[in-house]
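Trainee: I'll drop the sequence and a predicted model, then ask my questions.
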Amino acid sequence: MELLLFKKPGNLNKTIKKIVVITAIAIILLAVIRINNPIPHNHYSNPPLSNYPAAGLVIPSPNQQLININIAAQDIKITDAREECDVFAGEWVPNPDAPYYTNDTCWAIHEHQNCMKYGRPDSGFLKWKWKPDGCDLDVLNPFQLLDIVRGRSLAFVGDSVGRNQLQSMICLLSRVEYPIDVSPTTDEHFKRWKYVNYNFTLAYFWSPFLIRSDERDPDGPTKTGLLNLYLDEPDESWATQIDEFDYVILNAGHWFTRPAIYHEDRRPVGCRYCQLPNLTDLPATYAYRRVFRTALRSIAERVKFNGVAIVRTYAPSHFEGGLWDAGGNCVRRRPYRRNETVLEGSDLGMYKAQLEEFRAAAAGAKKRFRLMDTTAAMQLRPDGHPSRYGHWPEEKVGLYNDCVHWCLPGPIDTWADFLQHMIKMEARIWYMERKNIKMH
């Protein structure tokens, strides 16, 4: 084959012209791809981890046998200052770049949280992000997060607010890839999705009380049903299924306001508003505390579970002017500042009970328990609920003014920012532990 330097002048000119044409075509194609890229690069402070060494292996699966430290976990951009920063304490600040998806671009939004579809007239509630005191919290980079969790699995366990979080996550990641449904059952309460290009699995386990429960009376004293809650027995529908997961996020909350009979050691010990003779009326916090004690104990006793268990804290509702069934509504259109509201009453009681049980379980535990403390941030967002914009005006629904769940897109999308930070921190912890092992 002839070398270019020894070609004749005529052939040389033809070759140069071909190179110029090919280069021009390549530049045009790159420009088209860049224009159609769904995420402007300047929305993120860090490039995707695919630009880093060993990107697909930044976090080893907790369920894998670890031998060599060959992962560049230090490439995850978390400074020592941010490692010491409490990302859950802060304020909401304007974010003109949000939202990062819409109800037109994401199919995963539950109808009752699809606020824009059902005519919510304002959009200012979408234009905020969480700013921790003393550091910054990166907005979710879907490319980076999917790269980090390549080959991993994440399960959401809990109630409809947990499902709300899951659907937010699917919408945020949809800018890179949509998952396929790989559920082993047609039951919508137990779903699995897979991101094929990343071998990443998301799962959802419906368990609003986290423990075993059943219906005692479909009507009950308030016509909303009367339940049996077995406070010291975990719900096996999730508790026996988590061994394979690398991350499990637990949540529970607003269902505990319902009338219920509380059982311990297979016998009734009291109830909440059951109006039955010979049963002491107990506050919801009595059950809430014991439920998290039982759930966390169940995880601690799972011999084959080697993942990270994350407790997502109580997210307050924002009914004003009445209770949920007595005309209460949430009509505010901006976040509170910290000095404008305070967590109190039953919300404070639920949060404290959950926090105390988490700390007791985490103290000296061999399992990795982590806290996603969203309570303070969400206390400041009375503007983020669907209110009456989760259905058509003429529809009959159980919760007409919904001040419990969160609009999608909306403030709950920030929980993905928290989760991304926590997963990065987990990588740092793993790296430092393995580094110390190697040094000794």
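Mentor: That came through fine.
Trainee: Quick check: closest non-adjacent residue to residue 280.
Mentor: residue 270 (4.4 Å; CB to CB, 6 or more residues apart in numbering). All C-beta spots, glycine's among them, are computed from the backbone N, C-alpha and C.
Trainee: ok, the one you found to residue 262 distance?
Mentor: Look at residue 270 and residue 262: by CB to CB, to the nearest Å, they are 5 Å apart.
Trainee: Then residue 99?
Mentor: From residue 99 to residue 262 the distance is 41 Å (CB to CB).
Trainee: just residue 380 next, same as before
Mentor: Remark: distance between residue 380 and residue 262 (CB to CB) = 33 Å.
Trainee: and the nearest residue in space to residue 416 that is not next to it in sequence, how many neighbours does it have?
Mentor: Nearest non-adjacent residue to residue 416, counting by CB to CB, 6+ apart: residue 140, 4.4 Å away. Other residues lying near residue 140 total 25 when counted by other CB atoms under 10 Å.
Trainee: go on, the one 10 residues further on?
Mentor: When neighbours are defined as other CB under 10 Å, residue 150 has 20 of them.
Trainee: and the gap between it and residue 144?
Mentor: 11 Å.
Trainee: Where does the prediction get shaky in the stretch 301-440 of the chain?
Mentor: Residue ranges of the stretch 301-440 of the chain with pLDDT under 70: 434-440.
Trainee: Tell me which stretches of it form strands.
Mentor: Assigned by DSSP state E, counting those that start in this stretch, the strands in the stretch 301-440 of the chain fall at 308-312, 368-372.
Trainee: wait, which of those strands is closest to residue 157?
Mentor: Relative to residue 157, the nearest member of the strands of the stretch 301-440 of the chain by CB to CB is strand 308-312, separated by 9.5 Å.
Trainee: what angle separates the closest one from strand 368-372?
Mentor: Counting by axes from the mean of the first three to the mean of the last three CA atoms, to 10 degrees, strand 308-312 lies at 30 degrees to strand 368-372.
Trainee: Just checking: what are the partner strands of strand 308-312?
Mentor: strand 247-250 (parallel), strand 368-372 (parallel) (DSSP bridges).
Trainee: can you pull the buried residues of it?
Mentor: Judged by neighbour count (16 or more other CB atoms under 10 Å), strand 308-312 contains these buried residues: 308-312.
Trainee: Secondary structure element for the most centrally placed residue in the chain, which one?
Mentor: Closest residue to the average C-alpha location of the chain: residue 165 at 4.6 Å, with CA atoms, centre = their mean. In this assignment (DSSP states H and E), residue 165 forms part of helix 160-173.
Trainee: and the angle for that helix with strand 368-372?
Mentor: Going by the same axes, to 10 degrees, helix 160-173 makes 90 degrees with strand 368-372.
Trainee: Run through the neighbouring helices and strands of helix 160-173.
Mentor: Here helix 160-173 is seen to pack against helix 142-148, strand 153-158, strand 200-206, helix 414-439 when contacts are counted using 3 or more CB pairs under 8 Å, 6 or more residues apart in numbering; DSSP states H and E.
Trainee: Any chance you could list what contacts it?
Mentor: Contacts to helix 160-173, defined as CB atoms under 8 Å, 6 or more residues apart in numbering, come from residues 100-101, 105-106, 108-110, 113, 140, 142, 145-146, 156, 178-179, 193, 195, 202, 204, 206, 208, 249, 251, 253-254, 312, 315, 404-406, 408-410, 412-413, 415-416, 419.
Trainee: what do you get for stretch 415-424?
Mentor: Residues contacting stretch 415-424 (CB under 8 Å, 6+ apart): 59, 76, 78, 87-88, 129-130, 137-141, 144-145, 148-149, 165, 168-169, 172, 247, 249, 310, 312, 370, 372, 374.
Trainee: Same check on stretch 220-230?
Mentor: Outside stretch 220-230, the residues that touch it by CB under 8 Å, 6+ apart are 209, 211-219, 258-264, 266, 273-275, 287, 291.
Trainee: next one: stretch 102-117
Mentor: In contact with stretch 102-117 (CB under 8 Å, 6+ apart) are residues 123, 163-164, 167, 170-171, 174, 178, 386, 389-391, 397, 399, 402, 405-410.
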